[in-house]
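Engineer: Sequence and predicted model, in that order:
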Amino acid sequence: MTVPQEMLYHTPTFPRSLAFVTLALVFAVYWAWTDLRLRIHTFFAACTFSVIEFTFRAIQITVQNRSPSLGYTTAEQWVMCNIMGPIMHKYRIWSGTDTWAVFGFPFIIWLMEILCGYWLLHFHHKKAWLYTGPFALFHGNIGLHYVFIWWPFAVFHYFLTDSLYVPVSTAVVALVNATST
């Protein structure tokens, strides 16, 4: 699959070696900040989001081109979702209620899209997404108009967290602990 021209970035701004250093640092913080249960939880959440992103992009491209099309999700988006998992988890605990967690969900998404979007621009010279229009900010890294997609997605995400991710990750950890003793 070819990457649309508007998804490419033109000039390198940082050395590639710095990309590996920042990625290693993020991974080290992620590893230190999470336990096995939360890592499994975020793995499943990232996989689920990848399916949703693939389907969403397929619908979006099909409507734009007026012909059936496959969607796509990038490896960078999948990694971003793994990084976002613990942040979403900690934010939900910090917010105190699911109402506040759902309300603040888009802000966490936008923060991650800005950080990861600029990281991709500067180190990999491409964009994982491109928002357009009057509500697109930060060089198309975020779209404020997507708040109406992020809020229902937050409800869906927290429903899956409570009904699937937490029970499955807890069961896997219990199985790992039982087999290691």
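Structural biologist: Looks like it came in fine. Keep in mind that this is a model prediction, so the values were computed, not measured.
Engineer: Can you name the residues that contact Phe103?
Structural biologist: Neighbouring residues of Phe103 by C-beta atoms under 8 Å, 6 or more residues apart in numbering: Trp151. C-betas here are computed from N, CA, C, even on glycine.
Engineer: Tell me which helix or strand comes right after the worst-scoring helix or strand of the chain on mean pLDDT.
Structural biologist: In the chain, no helix or strand scores lower on mean pLDDT, DSSP states H and E than helix 16-33, which sits at a mean of 81. The first helix or strand that comes after helix 16-33 along the chain, using DSSP states H and E, is helix 36-65.
Engineer: what's that following helix packed up against?
Structural biologist: Judged by 3 or more C-beta pairs under 8 Å, 6 or more residues apart in numbering; DSSP states H and E, the packing partners of helix 36-65 are helix 75-95, helix 147-160, helix 166-180.
Engineer: Need those in CSV (columns: mean neighbour count, mean pLDDT and distance to Gly104).
Structural biologist: Formatted as CSV, the helices and strands packed on helix 36-65 follow (neighbours: other C-beta atoms under 10 Å; pLDDT from 0 to 100; distance: least, C-beta to C-beta, whole Å):
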stretch, mean neighbour count, mean pLDDT, distance to Gly104
helix 75-95, 17, 84, 6
helix 147-160, 15, 92, 9
helix 166-180, 13, 91, 20
